[in-house]
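> The sequence and its predicted three-dimensional model are supplied below.
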Amino acid sequence: MEIKSPVPFRTYDTKHEIQVFHLRSGEGVSEHQHQLYAHDMFISQGIVRVQIGPICKDLTAPDTVHFPTGALHNFEALTDAIVVTVHPL
């Protein structure tokens, strides 16, 4: 089930955008890519299946994942979860 992006936070220096996703089991973000930047995701709670290209892993807190520039990626909560993404602006 696709989720709606939460309202982002901006860092004090306005160089990054932070989004906190509260996911129910089965919710996630479909495959996409960012051509201009890399970004990171932190698992704060729960179990989240993350796919980057052909690599698929189930992550739990306090795991962190880095999405390289241009890499196809997606994620789905396997349990209720909280994830935090950090994107450059």
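Nice, I can see it.

> so who does residue 76 touch?
26, 27, 28, 29, 48, 49 (C-beta atoms under 8 Å, 6 or more residues apart in numbering). Where C-beta positions appear, they are placed from N, C-alpha and C, glycine not excepted.

> How many neighbouring residues does the fifth one have?
Read that as residue 48. Residues lying near residue 48 (other C-beta atoms under 10 Å) number 26.

> do the second one as well
Number of residues near residue 27 (other C-beta under 10 Å) recorded here: 17.

> I'd guessed it sits against residue 49; true?
No: Residue 27 lies out of contact with residue 49 (C-beta atoms under 8 Å); the separation is 11.5 Å.

> what residues are shared contacts of those two?
76, 77.

> Run through the residues that contact the residue nearest to residue 47 when sequence neighbours are not counted.
Using C-beta to C-beta, 6 or more residues apart in numbering and skipping the chain neighbours, the partner closest in space to residue 47 is residue 78 (4.3 Å). By C-beta under 8 Å, 6+ apart, the contact list for residue 78 reads 25, 46, 47, 48, 49, 58.

> Most neighbours among those residues, please name it.
Neighbour counts for these (other C-beta under 10 Å) peak at residue 48, which has 26 neighbours.

> Any idea what that one is bridged to?
Going by DSSP bridges, residue 48 is paired in beta bridges with residue 59, residue 77.

> and the gap between it and residue 3?
Per C-beta to C-beta, to the nearest Å, residue 48 is found 12 Å from residue 3.

> overlap in contacts of these two?
Joint contacts of residue 48 and residue 3 (C-beta under 8 Å, 6+ apart) are 23, 28.

> what's the neighbour count on the closest residue to residue 51 other than its chain neighbours?
Nearest residue to residue 51, sequence neighbours excluded (C-beta to C-beta, 6+ apart): residue 74, at 5.3 Å. Other residues near residue 74 come to 15 when the count uses other C-beta under 10 Å.
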